[in-house]
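K.L.:
next come a sequence and a model predicted from it.
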Amino acid sequence: SVSAIQRCVKEYFDMACCPPGSLGPATSLSLAEPKGTMMEIPSTDQFKSMSCYWAGASQPTQKIVIVFSDVYGMQTGNHRTFCDSLVEKLGTENCAVVMPDLFRGSPILRPTKLFSSEQIGSILDSPMMLYRLKFHHPPQSIENNIQNFVLPWVKQKGLAENTKISCVGFCFGGWVVGRVLSSSFSDTFSCGVGIHPAFAPELVHGSSEVSLANRIGTKPILLLPAWNDLSMTANSSVAKKLSELRGIPPNEICIDFPTMYHGWVSRGDPTGNSEISEKQQLAIQLTADFIKKHANKEN
C-alpha cells in the first residue's frame, strides 16, 4: 500500500547518514591541491593496512586531530584540503591533522554509475549503504580499528605521553566522533567536533541518537549542523540532552547553519558559491577555536 511505502521511505531516511536534500558527491576528487602526504598504516596480525592523510608536523608535540570522513570517503571532495586548513589554524610546527581511511578504499556509499547524475546514483545505492553500515562497519569494528590500530600508529609518531587527541567528523564521521567520545577509550580524546553530523547510524544498530548523546555525557563536543540536519540542531533532543548533561545552553553545543545543506563542508564547491565558501571558513574557524579551548584539558 502507499502508506506502507511511505513508512519504509521514512524509516530509511531516519537511519540514513544523509537526510533528504543533502548535497551529492563532489564532482572532483579535490577542489584544491592537497598539501599533506598520503601514508599507509602497515598491516598487523589483526588488521589490514589502511591509507591515511597526514597534514602538518611529522612529529607533533602539542596537538593532534583525527578526522573521520563522510560516507563518500577521504579521497573525495574537500576532506584533505579541510585537514590542510585546520592544521594552519592550529599551527603547523607542533600540530598535525590525520585522516585515516576507515573504509580501506571502499566507501559505504558508492553512487551507481548507470545514471549521469551522481546524486541519483547515490540514492539508488543507499539500501546497500545501510547494509554496509550494519554488517561491514558495525560500532565494534570501527572502535576496534581506532583504538587498537589507528591510535597506536599515531602515538608512535612522537606525541607526548600525556597529550590528548581531538577528533572531527563529517556526516558518518560525526557518528564516529560520538562513538569514540562515549567509548571505553574516550579518555584518549579531549574533545570532538561533528560537522553536518549524523548520529542516525545508531538506529541501524538498535540504539538511538539521544542514547548516544547520553553516553557521550560531559565530554566536550561541538555540533555544526545544516538546516536539514533536523535531529542535530540546537532545538533537537540530542542538543537538549547534551546541554542537560554539560550544564550549558543548547546553542553552545550546536551552532546551526540554517542556510546550508548537509554536506556543505566536505563536498560543497566553494568556487561557485561565495556563501558556501564563507560558511566553510567559519566552520573551520569554529572547529579550530573549540579544539584550542579543550585540547589537553582534563574532562
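P.N.:
Cool, got the structure.
K.L.:
what are the buried residues along stretch 288-296?
P.N.:
When burial is assessed from 16 or more other CB atoms under 10 Å, stretch 288-296 yields the following buried residues: 288, 290-291, 294-295. Where C-beta positions appear, they are placed from N, C-alpha and C, glycine not excepted.
K.L.:
okay, and which of those residues map to helices?
P.N.:
288, 290-291, 294 (DSSP state H).
K.L.:
where do the strands sit along the stretch 151-299 of the chain?
P.N.:
Shown for the stretch 151-299 of the chain, the strands assigned by DSSP state E, counting those that start in this stretch span residues 165-171, 189-197, 221-224.
K.L.:
okay, those in TSV with distance to Asn251, mean neighbour count and mean pLDDT next?
P.N.:
Conversion of the strands of the stretch 151-299 of the chain to TSV gives the following (distance: least, CB to CB, whole Å; neighbours: other CB atoms under 10 Å; pLDDT from 0 to 100):
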stretch	distance to Asn251	mean neighbour count	mean pLDDT
strand 165-171	20	29	96
strand 189-197	15	29	97
strand 221-224	11	26	98
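K.L.:
now those strands in TSV, please, with extra columns for distance to Thr61.
P.N.:
Shown next, in TSV, are the strands of the stretch 151-299 of the chain (distance: least, CB to CB, whole Å):
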stretch	distance to Thr61
strand 165-171	13
strand 189-197	15
strand 221-224	24
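K.L.:
of all these, which one is nearest Cys95?
P.N.:
Nearest of those to Cys95, taken as CB to CB: strand 165-171 at 9.9 Å.
K.L.:
related to what we said a few turns ago, report the lowest-confidence entry in the buried residues of stretch 288-296.
P.N.:
Within the set of the buried residues of stretch 288-296, pLDDT is lowest for Ala295 (84).
K.L.:
list the contacts for that residue?
P.N.:
Under the criterion of CB atoms under 8 Å, 6 or more residues apart in numbering, the neighbours of Ala295 are 62-63, 164, 166, 190-191.
K.L.:
how long is stretch 173-190 end to end?
P.N.:
17 Å (CA to CA, to the nearest Å).
K.L.:
buried set for that stretch?
P.N.:
173-183, 186, 188-190.
K.L.:
filter those down to the ones in helices?
P.N.:
Counted as lying in helices by DSSP H, out of the buried residues of stretch 173-190, are 173-181.
K.L.:
which residue ranges of the protein form helices?
P.N.:
Along the chain, the stretches classed as helices by DSSP H are 2-15, 79-90, 118-135, 139-145, 151-155, 172-181, 201-204, 209-216, 237-246, 250-253, 264-267, 274-294.
K.L.:
adding distance to Ala32, write the ones you listed out as CSV.
P.N.:
CSV is the format used below for these (distance: least, CB to CB, whole Å):
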stretch, distance to Ala32
helix 2-15, 32
helix 79-90, 4
helix 118-135, 20
helix 139-145, 28
helix 151-155, 25
helix 172-181, 20
helix 201-204, 29
helix 209-216, 33
helix 237-246, 32
helix 250-253, 30
helix 264-267, 13
helix 274-294, 11
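K.L.:
of those helices, which is nearest Trp227?
P.N.:
Trp227 sits nearest to helix 264-267 of all these, at 9.9 Å, using CB to CB.
K.L.:
ok now the closest one, how far from the chain's centre?
P.N.:
Between the centre of helix 264-267 and the centre of its chain there are 11 Å (CA atoms, centre = their mean, to the nearest Å).
K.L.:
same deal with stretch 63-78?
P.N.:
On the basis of CA atoms, centre = their mean, the separation between the geometric centre of stretch 63-78 and that of its chain is 7 Å.
K.L.:
over to stretch 171-181?
P.N.:
The chain centroid and the centroid of stretch 171-181 are separated by 6 Å, computed with CA atoms, centre = their mean.
K.L.:
let's check: the centremost residue of this structure is which one?
P.N.:
Central residue of the chain (CA atoms, centre = their mean): Gly169, 1.7 Å from the mean position.
K.L.:
next, format the ones in helices among the buried residues of stretch 173-190 as a markdown table and append distance to Lys134.
P.N.:
Conversion of those to a markdown table gives the following (distance: CB to CB, whole Å):
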| residue | distance to Lys134 |
| --- | --- |
| Gly173 | 17 |
| Gly174 | 18 |
| Trp175 | 13 |
| Val176 | 15 |
| Val177 | 19 |
| Gly178 | 17 |
| Arg179 | 15 |
| Val180 | 19 |
| Leu181 | 22 |
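K.L.:
all set, thanks.
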